[in-house]
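Asks: mind folding the following:
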Amino acid sequence: MKQLLIRADDLGYSYAVNLGIVRSVREGLVRSVGLMPNMPETGRGLAWLRDTGVDVALGQHTNVCLGKPCADPALIPSLLQEDGSFKSSRTYRSCYKEGNDFVVFEEAVTEIRAQLARFRELTGAEPAYFEAHAVMSDNLMRAITYVAEQEGLKEQPMSFDPTARVTCGSTELRMVMRSMAPDYEPAACIRAAVEDMADGETVVFVCHPGYLDRFILEHSSLTIDRTKEVDALIDPGLRAWLEAQPDLKLVDYRDLRACRGTAQRNVWEAGGHRAARLLYNADVRRPDRFRRPHAYKQGKPVRPLGLSRLQPKRAVCHQDDLAGQRHVADALCDGRRGLPAACEL
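Replies: Numbering: from 1, shown residues only. As a prediction, this is how the structure comes out:
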């Protein structure tokens, strides 16, 4: 059985982007949504998402190239411009192409943890998956992996190569994102991605659905294609075609196998209610989408944990995935692989 996961990034980017994402959930195919914890519009987008009544897998779409940080600016100077806002994705690309990774690992960890704290504050839950908004920095990717392993989270390694296989939790998959390609038609690209899948394969199709307002027009070169994705994702014809495929299952991140070695380690290290809360919220069979913070302290029942079934094993490490990213950076910078030379998500 093939598995297709359609993901929408950038909840909180702007008011209009929120509108498009929420419509893609309420009327469309999206069941995994990446939340940008640091953005001013994130709370509003999350409230709208809750109002749909649709059960979605919420992930942390860690953002270090737009807006203000969640951490104390004094602690993360390598990530910031003089005005206290994050350095742009254009800055990341140009420096990466020159071999200059200006991100200080420890500072990236500090900001990632601060955004995780904000995610928990907003949602009352652990992220169903954990990754970063597209910027080019090996140190940032190392920091994402480090925090994910320390916190027992399901990391989604970044990959722009649709032929490359990466591991999310313990599920091997391919990531497909076509939104920066010339003459992009999302529905056709989703169909092509399904037709290219091998039996038993899992593919994550990454989208950025949204509508346009002044903020998105001034801060992103990915504009019209966002609106195309909304139209495609709510298209009854595409839904019918996908549902007619006899060997295809639509999934979200909670359906992907977790890395149980990491979960086991965090049970040993965290102990008590903290570990119970982490595993309860991460359990793919009993997802708890919007629990209030610290609900376990307020007399809420917590499902008994069968910890004996969590077999100790080495936590999956995604460092090998970083090796394939430099050619992606080159492609983003010089226009190879059909990608525009300067596209900011």
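Asks: from now on I want contacts and neighbour counts done on CA atoms only, so please keep to that.
Replies: OK.
Asks: helices along the protein, start to end?
Replies: 15-26, 42-52, 89-97, 105-123, 138-151, 186-195, 214-219, 224-233, 236-243, 260-270, 272-282, 319-322, 325-334 (DSSP state H).
Asks: now the weakest link among those, please, by mean pLDDT.
Replies: For the helices of the chain, mean pLDDT drops lowest on helix 272-282, to a mean of 35.
Asks: on that earlier part again, of all the helices of the chain, which one is nearest residue 77?
Replies: Checking the helices of the chain against residue 77 by C-alpha to C-alpha gives helix 105-123 as the closest, at 7.8 Å.
Asks: just checking the distance from the closest one to the centre of its chain.
Replies: Its chain's C-alpha centre and that of helix 105-123 lie 14 Å apart, by C-alpha atoms, centre = their mean, to the nearest Å.
Asks: the longest strand seen in the chain pairs with which strands?
Replies: What stands out as the longest strand in the chain, according to DSSP state E, is strand 2-11. Strand pairing for strand 2-11, determined by DSSP bridges: strand 32-35 (parallel), strand 202-207 (parallel), strand 248-251 (parallel).
Asks: and the spatially closest residue to residue 78 that is not a sequence neighbour, what does it touch?
Replies: Closest residue to residue 78 apart from its sequence neighbours, by C-alpha to C-alpha, 6 or more residues apart in numbering: residue 103 at 5.6 Å. By C-alpha atoms under 8 Å, 6 or more residues apart in numbering, residue 103 lies in contact with 78, 79, 137, 139, 140.
Asks: what do you get if the cut-off is 10 Å, keeping everything else the same?
Replies: Residues near residue 103 by C-alpha atoms under 10 Å, 6 or more residues apart in numbering: 76, 77, 78, 79, 80, 92, 136, 137, 138, 139, 140, 143.
Asks: now do residue 34
Replies: Going by C-alpha under 10 Å, 6+ apart, residue 34 touches 7-12, 21, 57-62, 127-133, 208.
Asks: can we see that at 8 Å?
Replies: With C-alpha under 8 Å, 6+ apart, residue 34 has these contacts: 7, 8, 9, 10, 11, 58, 59, 60, 61.
Asks: returning to what we had before: what is the mean pLDDT for the longest strand of the chain?
Replies: In this model, strand 2-11 has a mean pLDDT of 98.
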